[in-house]
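next one to model:
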Amino acid sequence: MFLKQSTTVYVYLGPYVDDTDGKTAETALSITAYLSKAGAAAAARNSATGISHDRDGYYRVELNTTDTGTAGLLELFANATGALPVWRHLVILTANNYDALIAGSDALQVHANEITANLITAAALAADAGTEIASAVWANATRTLSASGDPSAAQIADAVWDEARADHTAAGSFGQIIARIGAIRRRTLTPSRATDVGDLRVFSDGRDPEILGDVIALPRRERRILEYLVANRNRRVSRNQIFNAVYGLFDEEVEESVVESHISKLRKKLRQAMGYDPIDTKRYLGYQIIGRPGASSLS
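Numbering: from 1, shown residues only. The predicted structure is shown next:
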């Protein structure tokens, strides 16, 4: 039985049976319980709450926060005159481990320095990881640039951090990142192409979209879906068309249904920022980007 560290809890001890015939339940015993914490010498439990009989020779024993205060193996045992001895093996888990593994109300705290050395290697990473990071750095760094000069180190660091929070992209080769950053000056001097759909402005150069001038950060897949919808804003596009545009025709490891999940998350973010849902869905017909209801959708 697993218990949460430093938490008051009742456990059952039993069944206590007659030490002569080995089967008759003993229901009126005076019991003193002892504990051995993590292999230490046995001592009487700290709780002053009496041990009471429940039924069929089973007794309720309270363990208070002191009794459960030591993580590890906890031995609970008690002998009573006229009955056979009874004991229980208990395991005290720290609060985080108990909540994550037993209660399901928390997540395990896993630190990077606990990962086996060399477990994460270049060979184990996705083949397109370099491209993903390069696209992420470029898309976010360009938001901090102007035609007047290069970004500062702080601006690039902020851009990378923003992307890490918005969407966990895989790690990979950094050679392509260097090449992308080296191209920043050349590409920022060229006016970017933007398309307005109502209050929404979508760029075709990998930047995050804007709503009335305010940038809304999107994960890479959601941003590419939005770009595809805007590029085809005069018609409806199917889930299959979106999947092929975003993942490619030969990506067999990803199910086509993932598109619906991405669009659901995208719609929620846009709805929160715009006050309405700009993605119109018709069953069997597909998806289409629209403007504000009652206004012209294109500009």
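
wait, is E222 part of a helix?
Yes - using DSSP: H, G, I helix; E, B strand; the rest coil, the assignment for E222 is a helix.

contacting residues for it?
Residues near E222 by C-beta atoms under 8 Å, 6 or more residues apart in numbering: 262, 265-266, 269. Quick note: C-beta positions are derived from backbone N, CA and C, even for glycine.

per-residue confidence for it?
If you check E222, the pLDDT there is 92.

just the buried residues of the contacts of E222.
By neighbour count, with 16 or more other C-beta atoms under 10 Å, the contacts of E222 hold 262, 266, 269 as buried.

roughly how far does R239 sit from G248?
Distance of R239 to G248, computed by C-beta to C-beta, to the nearest Å: 15 Å.

cool, T7 as well?
52 Å.

so between these two, which is more surrounded?
T7 (15 against 11; other C-beta atoms under 10 Å).

list the contacts for that one?
65, 68, 95.

and for T8?
Shown in contact with T8 (C-beta under 8 Å, 6+ apart): 47, 62-65, 68.

try 7 Å
By C-beta atoms under 7 Å, 6 or more residues apart in numbering, the residues touching T8 are 62-65.

where does L226 sit, in terms of helix or strand?
Taking DSSP states H and E as the definition, one finds L226 inside helix 220-231.

outside of stretch 11-31, which residues touch it?
Here stretch 11-31 makes contact (C-beta under 7 Å, 6+ apart) with 1, 33, 51, 53-54, 56-61, 63, 76, 78, 80, 82-84, 86, 88, 90.

for it, buried residues please.
Applying 16+ other C-beta under 10 Å to stretch 11-31 flags 11, 13-17, 26, 29, 31 as buried.

so of those residues, which ones are in strands?
11, 13 (DSSP state E).

nearest to M274, of the buried residues of stretch 11-31?
Distance to M274 across the buried residues of stretch 11-31 (C-beta to C-beta) is lowest for V11, with 55.0 Å.

against S257, how distant is that closest one?
Counting by C-beta to C-beta, the gap from V11 to S257 is 46 Å.

next SSE after the host helix or strand of V259?
Per DSSP H and E, V259 falls inside helix 258-274. Sequence order places strand 279-282 as the next helix or strand after helix 258-274, per DSSP H and E.

output the contacting helices and strands for that following strand.
strand 286-289 (3 or more C-beta pairs under 7 Å, 6 or more residues apart in numbering; DSSP states H and E).

elements contacting the strand it packs on?
Strand 286-289 sits against helix 220-231, strand 279-282, with contacts defined as 3+ C-beta pairs under 7 Å, 6+ apart.

so for the first one, what gets flagged as buried?
The one in question is helix 220-231. Neighbour-count burial for helix 220-231, counted by 16+ other C-beta under 10 Å, picks out 220-230.

now the helices for the protein?
95-98, 129-141, 153-166, 175-182, 184-188, 220-231, 239-247, 258-274 (DSSP state H).

hey, C-alpha coordinates of the first one in PDB?
Right, the one you point to is helix 95-98. Provided in PDB are the C-alpha atoms of helix 95-98 (Å, rounded to 0.1, in the frame of the first residue of the first chain):
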ATOM      1  CA  ALA A  95       4.000  14.300  -2.100                       C
ATOM      2  CA  ASN A  96       5.000  14.900  -5.800                       C
ATOM      3  CA  ASN A  97       5.500  11.200  -6.500                       C
ATOM      4  CA  TYR A  98       2.200  10.200  -4.800                       C
END
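
just checking, what packs against that helix?
Helices and strands touching helix 95-98, by 3+ C-beta pairs under 7 Å, 6+ apart, are strand 2-4.
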